[in-house]
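**Student:** based on what follows, work out the 3D shape:
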Amino acid sequence: MKIALFLTCVNDTLFPGTGRAVVSLLERLGHQVIFPEGQTCCGQMHLNTGYPEQALPMVESFTRTFSDHEAV
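**Tutor:** The predicted structure follows:
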């Protein structure tokens, strides 16, 4: 299975080893891991800090970027 991996900036900053471990595990299980080229900010930080209007365009872009993938 081809899996599009999404790692939040929060996770990447606080727990950078998590992403590497997930890739390693998925590849060991025989999956192909990809990082969609169009992946940008998902808007999580904006939404979490009270800026839903500013987060919406990022959420929409994120949704488009990952919508064609079998698994995220």
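**Student:** how distant is stretch 31-45 from the center of its chain?
**Tutor:** 4 Å (Cα atoms, centre = their mean, to the nearest Å).
**Student:** okay, buried residues for it please.
**Tutor:** 33, 36, 39, 42-44 (16 or more other Cβ atoms under 10 Å). All C-beta spots, glycine's among them, are computed from the backbone N, C-alpha and C.
**Student:** where are the low-confidence patches of this protein?
**Tutor:** Judged by pLDDT under 70, the chain has no weakly predicted residues.
**Student:** longest helix in it, please.
**Tutor:** helix 52-66 (DSSP state H).
**Student:** list the helices and strands that one packs on?
**Tutor:** helix 44-48 (3 or more Cβ pairs under 8 Å, 6 or more residues apart in numbering; DSSP states H and E).
**Student:** what's the closest of the buried residues of stretch 31-45 to Phe15?
**Tutor:** Gln44 (14.8 Å; Cβ to Cβ).
**Student:** if we can go back for a sec, distance to Pro16 for the buried residues of stretch 31-45 - can I get that in a markdown table?
**Tutor:** Conversion of the buried residues of stretch 31-45 to a markdown table gives the following (distance: Cβ to Cβ, whole Å):
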| residue | distance to Pro16 |
| --- | --- |
| Val33 | 16 |
| Pro36 | 20 |
| Gln39 | 17 |
| Cys42 | 18 |
| Gly43 | 21 |
| Gln44 | 17 |
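**Student:** name the nearest residue to Leu56, ignoring sequence neighbours.
**Tutor:** Gly43 (7.2 Å; Cβ to Cβ, 6 or more residues apart in numbering).
**Student:** thank you kindly, that will do.
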